[in-house]
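# coordinates for the following, if possible.
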Amino acid sequence: MPIWIFRLSTLIAFPFLTYDFIDKDPVSLAGGLLCGLIVVIAEAVFKRLRLIKIMIACSGFLLGWLLFVFVDYAVLNFGQASEAYLAWWDRYAFYVKIGLIVFGVLVCLFKSRDLEGLSYKGRHLKIVDESALIDGRIIDLCEINFISGIIVLPVFVLEQLNKLAASKDPLERAKGRRGMDVAARLQELKDVTVRVTSKTPKATDEVERIIKLAKSFDAEVITLDFNMNKIGALYDVVVLNVADLATALKPVILPGESMSLFIMKDGKEKEQGIGYLDDGTMVVVEDGRKHIGKRTEVAVYSILQTSSGRMIFAKVK
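I've put the predicted structure just below:
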């Protein structure tokens with residue numbers, strides 16, 4: 001409401017000011033109204049622009065002005081006659097000045113798309129890849145403030161998710177839609193700053209492209225792709241693997257410990273029962289077949305670490 005009061009007051013005050021202090025005729029009223037409209041439009045435009053965009057446009061203005069100064073200096077010093085310099089100022093200087101200033105502003109604004117709000121670099125930037133968005137656990141990590149800093153979503157990752165969402169394969173389509181939903185939910189989080197960058201480094205595959213983007217921003221990568229860890233080590237980029245984090249946070253269970261376990265089904269061997277911990281670790285229970293569908297106390301006697309995870313062997317107490 002206050003902004004509309006300001007706009008209305010501007011449109012009313014400017015015509016009266018020009019009418020009282022400049023000239024008491026309809027032309028002054030029209031000029032004042034035009035000035036008021038310019039002020040209101042400028043306020044609305046600048047309100048939508050981010051400060052970084054305004055600063056980039058000012059830098060482009062200065063760049064264009066400096067280019068004109070160099071051109072004017074060249075004409076002044078290399079012109080053979082003063083008539084040539086006078087002709088330059090009378091006919092061409094104004095148009096060249098405007099053209100160079102517009103050129104500088106446009107170049108700076110178009111090149112600013114490489115950053116899209118990332119006006120600084122550092123480890124507080126977290127670049128999220130396709131696998132982390134499809135997985136979705138990054139939302140839980142952000143909600144509990146486990147991940148700090150700015151979440152960066154590359155445009156080429158979002159485009160890849162969009163292609164998956166439009167795929168004819170039901171599995172790929174489901175993955176793409178989930179990834180897009182997670183990206184949208186990240187942007188809705190109030191305590192997390194999310195930025196989208198259109199900068200796309202040249203690379204042979206998406207993994208290398210993500211790593212090169214993180215290297216250019218001196219940022220970290222959030223992923224579930226194990227290959228990202230290997231390539232990140234080659235480029236000296238820190239890779240935060242959500243799967244590694246989940247593995248590291250699994251509860252430590254030692255042989256001899258007791259726990260309460262719900263036995264879900266029978267095992268491969270005779271009289272075996274199978275249960276699962278909260279983190280998904282499978283527990284093979286000897287003599288557990290008769291306890292299927294019940295929660296019972298078991299004692300751990302062996303732990304086997306395999307390439308696919310842990311397996312725990314226990315006996316019914």
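
# for the nearest residue to residue 143 once chain neighbours are set aside, which residues are in contact?
Closest residue to residue 143 apart from its sequence neighbours, by CB to CB, 6 or more residues apart in numbering: residue 189 at 6.9 Å. In short, each C-beta sits where N, CA and C put it, glycine included. Applying CB atoms under 8 Å, 6 or more residues apart in numbering to residue 189 gives the contacts 139, 142, 143.

# mind doing that once more with 10 Å?
By CB atoms under 10 Å, 6 or more residues apart in numbering, the residues touching residue 189 are 139, 142, 143, 151.

# and it, its phi and psi?
Here is the backbone geometry of residue 189 (degrees, to the nearest 10): phi -70, psi 130.

# how near is it to residue 110?
Using CB to CB, to the nearest Å, residue 189 is found at 30 Å from residue 110.

# residues touching residue 288, list them.
261, 263-267, 271-275, 294, 296, 298, 314-316.

# now it. Nearest residue, chain neighbours left out?
With CB to CB, 6+ apart, the residue lying closest to residue 288 is residue 273, at 2.5 Å.

# sorry, back to before: among the contacts of residue 288, which ones are buried?
Neighbour counting with 16 or more other CB atoms under 10 Å marks 261, 263, 266, 267, 272, 273, 274, 275, 296, 298, 314, 316 as buried within the contacts of residue 288.

# pLDDT below threshold where in the stretch 1-150 of the chain?
When residues are selected by pLDDT under 70, those of the stretch 1-150 of the chain lie in 1-4, 6-7, 10-11, 14, 16-25, 28-29, 43, 45-54, 78-86, 111-123.

# what about the helices in it?
2-21, 26-48, 51-78, 82-87, 93-111, 130-135, 137-143 (DSSP state H, counting those that start in this stretch).

# so which of these gets nearest residue 171?
With CB to CB, the closest approach to residue 171 among those belongs to helix 130-135: 11.0 Å.

# state the next helix or strand along the chain beyond the top strand by length along the chain.
Longest strand in the chain by number of residues (criterion: DSSP state E): strand 295-306. Using DSSP states H and E, the next helix or strand after strand 295-306 towards the C-terminus is strand 309-316.

# for the residue nearest to residue 302 when sequence neighbours are not counted, give its distance to residue 259.
Distances taken as CB to CB, 6+ apart place residue 313 nearest to residue 302, at 4.1 Å, with adjacent residues excluded. Per CB to CB, residue 313 is found 13 Å from residue 259.

# equivalent analysis for residue 265, please.
On the measure of CB to CB, residue 265 and residue 259 end up 18 Å apart.

# same check, this time on residue 305
18 Å.

# between those two, which is the more surrounded one?
residue 259 (16 against 8; other CB atoms under 10 Å).
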